[in-house]
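S.K.: Need a 3D model of the sequence below.
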Amino acid sequence: MQPIPFIAALSIAASLGSPPAAHAGDGHDHGDAAPVASGPALPRFAAVSETFELVGVVRGKQVTLYLDRADDNAPVTDAVIELEIGGAKLKAEPHEDAYEVTLPAEPRPGVLAITATVTAGNDVDLLAGELDLHEEAAAGDAAHAHGGQSVAGWAAGALAALGVLVLVGRRLAAGRRTRAGAAA
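M.R.: Okay, here's the model as predicted:
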C-alpha cells in the first residue's frame with residue numbers, strides 16, 4: 001500500500017473538519033424578492049414627552065419628522081410642529097403620514113440641541129432631544145477604499161502559507177523515500 005501524499009492528506013483533513021452544507025427545504029426560498037441595500041443608517045433623533053413621541057430622520061438638509069401619541073403609538077397627522085435645531089426656528093410642513101423641514105444648511109458633526117413645540121387639537125407640548133452627528137460617512141468610505149487591499153493581503157498570505165505547506169510536504173516525502181531506500 002502506497003502512503004497518501006501530504007497534500008492529499010491535508011485536503012481530506014480539511015474536508016472532514018468543515019461543517020456539512022446546509023440546504024433549505026421546500027417553502028424556504030426567498031422567492032424573487034429584490035436584495036435590500038445595506039449601509040450606514042441615516043442620522044436620527046428622538047424627542048419624547050408624556051403626550052407625544054417625535055422621531056426625526058436627517059438626510060442632508062432635509063429632516064423628516066414622524067409624530068405619534070405616546071400612549072397608543074397612533075400617528076398624529078394633523079399637528080403643527082415648530083422645530084428649533086442648531087439655532088434655526090422652522091415650521092414643519094405636513095407630507096403624507098409625516099412632516100418635513102428643510103434646514104438652511106446641512107448640520108455639521110457634533111451634538112445639536114433640538115426643541116419641538118407640538119400643537120395637536122387641545123394638546124400643546126414641548127419636546128426636547130439631541131442630534132448626535134459623527135463623521136462616520138467619511139470613515140466608512142475610507143474603510144471601503146482599503147477593503148480591496150486587505151483582501152489582497154489575506155489572499156497573498158494564504159497563498160504563501162499554501163506554498164510553505166507544499167514545500168514541507170515535498171521534503172517529508174523525500175525524507176521518507178530516502179529512509180525507505182537506505183533500509184532496503
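
S.K.: In this structure, mark out all the strands, start to finish.
M.R.: 44-48, 52-59, 62-69, 80-85, 88-91, 93-95, 98-102, 110-120, 123-133 (DSSP state E).

S.K.: what inclination does the first one have with respect to strand 52-59?
M.R.: Calculated by axes from the mean of the first three to the mean of the last three CA atoms, to 10 degrees, strand 44-48 forms an angle of 170 degrees with strand 52-59.

S.K.: Strand 44-48 pairs with which strands, and in what direction?
M.R.: Paired strands of strand 44-48, with direction, are strand 52-59 (antiparallel) (DSSP bridges).

S.K.: tell me which residues in the strand it pairs with are buried?
M.R.: 52-56, 58 (16 or more other CB atoms under 10 Å). C-beta: built from backbone N, CA, C; applies to glycine.

S.K.: Check stretch 41-51 too.
M.R.: In stretch 41-51, counting by 16+ other CB under 10 Å, buried: 43-45, 47.

S.K.: could I have that stretch exported to CSV, CA atoms only?
M.R.: Coordinates of each C-alpha in stretch 41-51 appear next as CSV, following Å, rounded to 0.1, in the frame of the first residue of the first chain:
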residue,chain,number,x,y,z
ALA,A,41,-28.3,54.4,8.7
LEU,A,42,-29.3,58.0,8.4
PRO,A,43,-28.8,60.1,11.5
ARG,A,44,-31.9,60.4,13.6
PHE,A,45,-33.1,61.9,16.9
ALA,A,46,-36.0,61.3,19.2
ALA,A,47,-37.9,63.7,21.5
VAL,A,48,-40.4,62.3,23.9
SER,A,49,-42.9,63.6,26.3
GLU,A,50,-45.9,62.1,28.2
THR,A,51,-48.2,63.0,25.3
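
S.K.: got the contact list for it?
M.R.: Here stretch 41-51 makes contact (CB atoms under 8 Å, 6 or more residues apart in numbering) with 53-59, 69-71, 114-116, 118, 123, 125-133.

S.K.: avg pLDDT for that stretch?
M.R.: On average, the pLDDT along stretch 41-51 is 90.

S.K.: List just the nearest of the buried residues of strand 52-59 to Ala79.
M.R.: Phe52 (8.1 Å; CB to CB).

S.K.: Apart from its chain neighbours, what residue comes closest to Gly121?
M.R.: In this structure, Gly121 finds its nearest non-sequential neighbour in Asp78, 7.5 Å apart by CB to CB, 6 or more residues apart in numbering.

S.K.: Contact partners for Leu131?
M.R.: Contacts of Leu131 (CB under 8 Å, 6+ apart): 43-45, 56, 58, 85, 107, 111-112, 114.

S.K.: could you redo the last one with a cut-off of 10 Å?
M.R.: 43-47, 56, 58, 63, 85-86, 107, 110-114 (CB atoms under 10 Å, 6 or more residues apart in numbering).
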